[in-house]
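S.K.: Build me a model:
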Amino acid sequence: MSDPRESGGEPARGVVVAHGGLAEGLVGAVRQIAGAAPEDLCAVHNRGLGREELCACILAELTGPRNLIFTDLPSGSCHLAALIVTRKRPGVPVITGVNLPMLLDFVFHRKLAFEELVPSLADRGRSAIGGNRPRPVAGGFPGAAGP
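M.R.: Numbering: from 1, shown residues only. Next comes the predicted model:
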């Protein structure tokens, strides 16, 4: 019996669009950790590309019936190019703030319908962000020079 949350067919293809070598690094890590194939997830960088060239590179990677674009920085050149591309391909969702946990979740849940997949990925990406700070000790922070 199939899961009613699934799209009922083709798994989505992810296209990671990011500055410098970030896209390649994230996609390479996902392939190493999860064994994702190039048809599951691919990388597009913006190095040396103008807006039109970047849009053309993104469009070239939107193969198959279901695609999802991940970008690194809201309002950055990669994100803006992805939004321009979606004018030509309006059924393609764009998620910004891509991170490794988000992409790992994507490769394991690519068959979910976009209505469930996109919010789930955004939640996963947010929940993976954390931080800590050193706890103060008597006399200041650990390693701090004394008075």
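S.K.: which residues in the protein form strands?
M.R.: Secondary structure of the chain (DSSP state E): strands at 13-18, 41-45, 67-71, 94-96.
S.K.: Export those as CSV, with columns for distance to E24, mean neighbour count and mean pLDDT.
M.R.: For glycine as for every other residue, the C-beta is placed from the backbone atoms N, C-alpha and C. Output for those, formatted as CSV (distance: least, Cβ to Cβ, whole Å; neighbours: other Cβ atoms under 10 Å; pLDDT from 0 to 100):
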stretch, distance to E24, mean neighbour count, mean pLDDT
strand 13-18, 8, 26, 98
strand 41-45, 5, 22, 97
strand 67-71, 13, 25, 98
strand 94-96, 18, 19, 98
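S.K.: Make a markdown table from the ones you listed and add distance to L83 to it.
M.R.: Conversion of these to a markdown table gives the following (distance: least, Cβ to Cβ, whole Å):
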| stretch | distance to L83 |
| --- | --- |
| strand 13-18 | 11 |
| strand 41-45 | 14 |
| strand 67-71 | 9 |
| strand 94-96 | 6 |
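S.K.: how about those strands, which one is nearest E115?
M.R.: Of all the strands of the chain, strand 67-71 sits nearest to E115, with 12.4 Å by Cβ to Cβ.
S.K.: who's in contact with the closest one?
M.R.: Strand 67-71 has contacts (Cβ atoms under 8 Å, 6 or more residues apart in numbering) with 12-18, 58, 61-62, 78-79, 82, 85-86, 89, 92-98, 102-103, 106, 114, 117-118.
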